[in-house]
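Chemist: Predicted model, plus sequence, below.
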There are 4 protein chains.
Amino acid sequence: MKTTILIHCPDQAGIISVTTNFIHQHKGNIIYLDQHVDKETNVFFMRLDSDFEDSNFPTETFKQEFQRELADRYNMQWSMHEAGVKPKMALFVSKYNHCLYDLLSRFNSSELEVDIPFIISNHPDLKPIADQFNIPYYHIPVTKDTKAEAETKQLELLNEYEVDFIVLARYMQIVSPKIISNFPNRIINIHHSFLPAFAGAKPYHAAFKRGVKIIGATSHYVTEELDAGPIIEQDVTTVTHANSIKDFIAKGRDLEKIVLSRAVKLHILRKTMVYNNKTVIFS
Amino acid sequence: MKTTILIHCPDQAGIISVTTNFIHQHKGNIIYLDQHVDKETNVFFMRLDSDFEDSNFPTETFKQEFQRELADRYNMQWSMHEAGVKPKMALFVSKYNHCLYDLLSRFNSSELEVDIPFIISNHPDLKPIADQFNIPYYHIPVTKDTKAEAETKQLELLNEYEVDFIVLARYMQIVSPKIISNFPNRIINIHHSFLPAFAGAKPYHAAFKRGVKIIGATSHYVTEELDAGPIIEQDVTTVTHANSIKDFIAKGRDLEKIVLSRAVKLHILRKTMVYNNKTVIFS
Amino acid sequence: MKTTILIHCPDQAGIISVTTNFIHQHKGNIIYLDQHVDKETNVFFMRLDSDFEDSNFPTETFKQEFQRELADRYNMQWSMHEAGVKPKMALFVSKYNHCLYDLLSRFNSSELEVDIPFIISNHPDLKPIADQFNIPYYHIPVTKDTKAEAETKQLELLNEYEVDFIVLARYMQIVSPKIISNFPNRIINIHHSFLPAFAGAKPYHAAFKRGVKIIGATSHYVTEELDAGPIIEQDVTTVTHANSIKDFIAKGRDLEKIVLSRAVKLHILRKTMVYNNKTVIFS
Amino acid sequence: MKTTILIHCPDQAGIISVTTNFIHQHKGNIIYLDQHVDKETNVFFMRLDSDFEDSNFPTETFKQEFQRELADRYNMQWSMHEAGVKPKMALFVSKYNHCLYDLLSRFNSSELEVDIPFIISNHPDLKPIADQFNIPYYHIPVTKDTKAEAETKQLELLNEYEVDFIVLARYMQIVSPKIISNFPNRIINIHHSFLPAFAGAKPYHAAFKRGVKIIGATSHYVTEELDAGPIIEQDVTTVTHANSIKDFIAKGRDLEKIVLSRAVKLHILRKTMVYNNKTVIFS
């Protein structure tokens, strides 16, 4: 059985040694180990890919012993994930289709190891694409008056389908604090600027006005503060005085697709850890 | 004789045709023409490299006729520059030496077609480098009390040596409004962030705190508003969670050098025009 | 009426001036002019976007006069293209679907101003995607024995639908010389390496073996010599020792999509000219 | 005492655990661990930064026990390096000065933790720069007739000063096989192309002729086969049809400087390991 273990705890001498020993004693072979120490906060992070010979690997016993012998002693926050279990990813969209098309075509080509139980949108426009790819599409309008009702419906769907994480694929609404608190570090947004520059609405217009020579896109976990969550991935492309706002938007679309899909892949592979509103991205 | 002509004026039909005609009639051959129309403000920009056969080319007559026949009629702002005349570039530095070393070694290799009459610094530290390259070095301390006096000395030197433009090669002081108004769009600064993100002091610290995955550097013309002038050139490089602030600074040094030198070269080649706090960068 | 005129001819003094004059005299306003002189071969290239006031613009007369007054005199190769006429783009694919998905989703979002009369493939696998997007799909198998027959069928379809240009979206067969000669500089291929490195088969395997730190993709016009045609667009991405060949392939897919779509857009906008097995790419 | 240990050996279960245990038992704290398994050849690589509390750390005893308990058992090739010991770096140059200036100004700013005992050149041209930075400069001409003699002199200097590694900062001669065999994976070259494209002489001319849209630079360890050694670092920059060969060379200079200095830094920090003519670059 292949597993990924994620750990963070106060840094102290010997953690790598006791942990790798523990894995070894339980007949696990460490395939990959990546670790990081945040020097400012003195926090230790580790990601361990291990392979356990035993086909009847006693997962529960292992977890209890890990908790008792390591986690309690070193004050670890940790989680363990078996390979081959596909997380459930919900997609939220509005009217822009490029990120949706990109994610669905990657999904269709088995590039993303997830299940997609449904797509939610505040508009009906992208239903044909959902139909094209045979994914259920729920049109949940969001207006001032229907906001609470919409949130309830969204949460019902998320619970019913036991969704693991949410991807906002250019969803043009602010996600409610309740949903955010139910999915901490499990809602991935794509913002169409090089954050923290041009947070908020119309970043391409703002970038054009400022006369920048490079534009960007940023994928981040959603927190209550708008466009201020932990950054997962960023990328940029050059622009010139000759480019119009329309050109910025067209160039940006390609950035948004690539940056969002990279962030989604990192999340699926459990290569992200969040601490202090920043991410550790394992290689 | 080779010349570069820079023009901007309200856009209207026929400008390219009458201007290229005018050059042609004066026995000039157009080597390169680049033009741009700002659609928002309806302003036309053009840069013309021409070669005039006549070795006794009557520059003054040509200029008078250009003014009368074209500039007055089309309401043009324009300037004409003979090739081979080296502009005079003053360098302002503080304690960081990487941009200074970079510019001086390019200068020594004839990569920059300028004269460097002097280096001004508010600290004595970099004098040995100036000596290494045989450039006069003026140590003009800047404190609260000596600010006015320092400005006077700086202006005296700038006037005495007939300086054409100033490069702030990591000069850690704010340049006085009087100097800025004497050198409009002729003071080039390098800011160690991807503007408009992280304007002001300690941008690498701010970038580190925000957890960005890409850092940048920006070269811009200095205006009275700090770090808000027209951007000439930007570039970026990737960082990871494993990079410390010290790593950010080290990676940033390379960016700063490259971005500043590119901006300086564009300015020397008269490939920049400024309008509406933005630059047109000709190719 | 808006038009784009493309010109190349031996360089000589006055071409820009006489051409812009000609446009002006025919009541055209030049919206954008970009020009280039190849110094080695002394060839002049120009691309002119013009707007003619007259709604009944006498295209044929204009063309005749242009030929007589300019083209004959300056030995110009030239073409004129009216805006709004969509070129017909045929797609050739095999089994990989990422470039196909990418182009079709851009097409569906009106990002590509073309008609797509059909998709040809030597395999049946991608028919469902063609169906998804309602594009006719012709399965034309290519084996040693059926090669000639396949070529005949392909040419029939290309003629019947009056195809303007062909995009090989990871088509894993060599296009026949006859088709190439019928579509000079009108067949766009995407090669999954940074050409001229790793031409031919299995470039990702070769790149992995060589231990490069950067991989690339190259879009080029197809000529008889394999992977040696004029390069339109290239891009690269970093790889590390930790990346497997599978990782190279996955990273490469994103490059291939972006690079191919950029090349296709440049071709559609008539921003490419070919000379001496190289391209001039207008801005 | 801080140390860096580099290990490679046939991969097998438990290596990380026994090694980290061993460090821990000797009162070492692991500061950073990075590891890699080459799946093709089944070779395990590890780099360990450790801090040993004991100020009188018994280095020799530790090394003997490491050899006996770990290296012999697991068939490890390994080395251990104490922090703070500066390696000795010899520079070989010809006439181009940009890489030399860049390395020396980084050295002067304490960016490179090395000693530079001398510079060797086959030309006298760059002596003034060596003088500027107070580094001994040996002019050793290399002609057909003096080749053997030059090699002898070079080796004498390398031995006399106990040089650890050599940097060819645009040295335009082929280094003799004898020197290469004396400095395996310890001679760093900068080649002015994106290898394996354009190996050999005049790569910018070849790139220009081929019409590439991106040019590169590659830093690699020198092996007997020209430009075919293990690649340490590569980077690229865009070019256009408007760029002349002279422009390629100017743009390339900046690439060469940056790429070479990055490779030199990686080597100094012992972040490179070589296997199968490829490098593992630790983070």
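Modeler: Received the coordinates, thanks.
Chemist: quick check, stretch A:258-272 touching chain D?
Modeler: No - judged by C-beta under 8 Å from any C-beta of the partner chain, stretch A:258-272 stays clear of chain D, getting no closer than 13.8 Å. C-betas here are computed from N, CA, C, even on glycine.
Chemist: what is the mean pLDDT for that stretch?
Modeler: Averaged across stretch A:258-272, pLDDT comes to 98.
Chemist: got the buried residues for it?
Modeler: Across stretch A:258-272, burial judged by 16 or more other C-beta atoms under 10 Å in any protein chain shown covers A:258-268, A:270-272.
Chemist: what does it rub up against?
Modeler: With contacts defined as C-beta atoms under 8 Å, 6 or more residues apart in numbering or on different chains, stretch A:258-272 is touched by A:4, A:6, A:47, A:81, A:87, A:89, A:99, A:102-103, A:106, A:111-114, A:165, A:167, A:169, A:185, A:188, A:190, A:217-220, A:232-235, A:279-283, C:254, C:258.
Chemist: how about a cut-off of 7 Å?
Modeler: Residues outside stretch A:258-272 that contact it (C-beta atoms under 7 Å, 6 or more residues apart in numbering or on different chains) are A:4, A:6, A:47, A:81, A:87, A:99, A:102-103, A:106, A:112-114, A:165, A:167, A:169, A:188, A:190, A:217-219, A:232-235, A:279, A:281-282, C:254.
Chemist: if we can go back for a sec, between the buried residues of stretch A:258-272, which sits nearest residue C:26?
Modeler: Comparing these against residue C:26 with C-beta to C-beta places residue A:258 closest, at 44.8 Å.
Chemist: what does the stretch 151-283 of chain A have sitting close to chain B?
Modeler: Contact residues (C-beta under 7 Å from any C-beta of the partner chain) of the stretch 151-283 of chain A with chain B: A:194, A:196-197, A:210-214, A:230-231, A:233-234, A:236, A:240-242, A:244, A:277-281.
Chemist: Just the buried residues of those residues.
Modeler: A:194, A:196-197, A:210-214, A:230-231, A:233-234, A:236, A:241-242, A:277-281.
Chemist: did I read that right, residue A:195 in a helix?
Modeler: No - according to DSSP: H, G, I helix; E, B strand; the rest coil, residue A:195 belongs to no helix; its state is coil.
Chemist: Going along the chain, name the strands of chain A.
Modeler: A:2-10, A:28-38, A:43-52, A:77-82, A:89-93, A:119-121, A:137-139, A:165-168, A:187-191, A:214-221, A:231-238, A:272-275, A:278-281 (DSSP state E).
Chemist: which strands and helices sit next to the third one?
Modeler: Spelled out, that is strand A:43-52. Helices and strands touching strand A:43-52, as assessed by 3 or more C-beta pairs under 7 Å, 6 or more residues apart in numbering or on different chains; DSSP states H and E, comprise strand A:2-10, helix A:15-25, strand A:28-38.
Chemist: So for chain B, which of those sits nearest?
Modeler: Proximity to chain B (C-beta to the nearest C-beta) singles out strand A:28-38 among the helices and strands packed on strand A:43-52, at 5.9 Å.
Chemist: Okay, angle between the top helix by length along chain A and strand C:231-238 too, please.
Modeler: Using DSSP state H to define each element, chain A has its longest helix at helix A:245-268. Per axes from the mean of the first three to the mean of the last three C-alpha atoms, to 10 degrees, the angle that helix A:245-268 makes with strand C:231-238 is 40 degrees.
Chemist: CA atoms of helix A:245-268 as CSV?
Modeler: Output of helix A:245-268 as CSV, limited to C-alpha atoms (Å, rounded to 0.1, in the frame of the first residue of the first chain):
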residue,chain,number,x,y,z
ILE,A,245,-7.2,45.7,-22.5
LYS,A,246,-8.7,43.1,-24.8
ASP,A,247,-5.2,41.7,-25.5
PHE,A,248,-4.5,41.7,-21.8
ILE,A,249,-7.6,39.6,-21.2
ALA,A,250,-6.8,37.2,-24.0
LYS,A,251,-3.2,36.7,-22.8
GLY,A,252,-4.5,36.4,-19.3
ARG,A,253,-6.9,33.6,-20.2
ASP,A,254,-4.0,31.3,-21.0
LEU,A,255,-2.2,32.2,-17.8
GLU,A,256,-5.4,31.6,-15.7
LYS,A,257,-5.9,28.2,-17.2
ILE,A,258,-2.3,27.0,-16.7
VAL,A,259,-1.9,28.5,-13.2
LEU,A,260,-5.3,27.2,-11.9
SER,A,261,-4.6,23.7,-13.3
ARG,A,262,-1.2,23.6,-11.7
ALA,A,263,-2.6,24.6,-8.3
VAL,A,264,-5.4,22.0,-8.6
LYS,A,265,-2.8,19.3,-9.4
LEU,A,266,-0.6,20.2,-6.5
HIS,A,267,-3.6,20.1,-4.2
ILE,A,268,-4.7,16.7,-5.5
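Chemist: distance between it and the chain's centre?
Modeler: Relative to the chain's own centre, helix A:245-268 is displaced by 14 Å; criterion: C-alpha atoms, centre = their mean, to the nearest Å.
Chemist: Pull the residues that contact stretch A:37-52.
Modeler: Contacts of stretch A:37-52 (C-beta under 7 Å, 6+ apart): A:1-11, A:15, A:19, A:23, A:26-36, A:271, A:273, A:275-276, A:280, A:282, B:244.
Chemist: Narrow those residues to those that are buried.
Modeler: A:1, A:3-9, A:11, A:15, A:19, A:23, A:26, A:28-36, A:271, A:273, A:275, A:280, A:282.
Chemist: now the helices and strands packed on strand A:43-52 as JSON lines including mean pLDDT?
Modeler: Below are those laid out as JSON lines (pLDDT from 0 to 100):
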{"stretch": "strand A:2-10", "mean pLDDT": "96"}
{"stretch": "helix A:15-25", "mean pLDDT": "92"}
{"stretch": "strand A:28-38", "mean pLDDT": "92"}
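Chemist: Looking at these, which is nearest to residue A:140?
Modeler: The nearest among those, by C-beta to C-beta, is strand A:2-10 at 33.0 Å.
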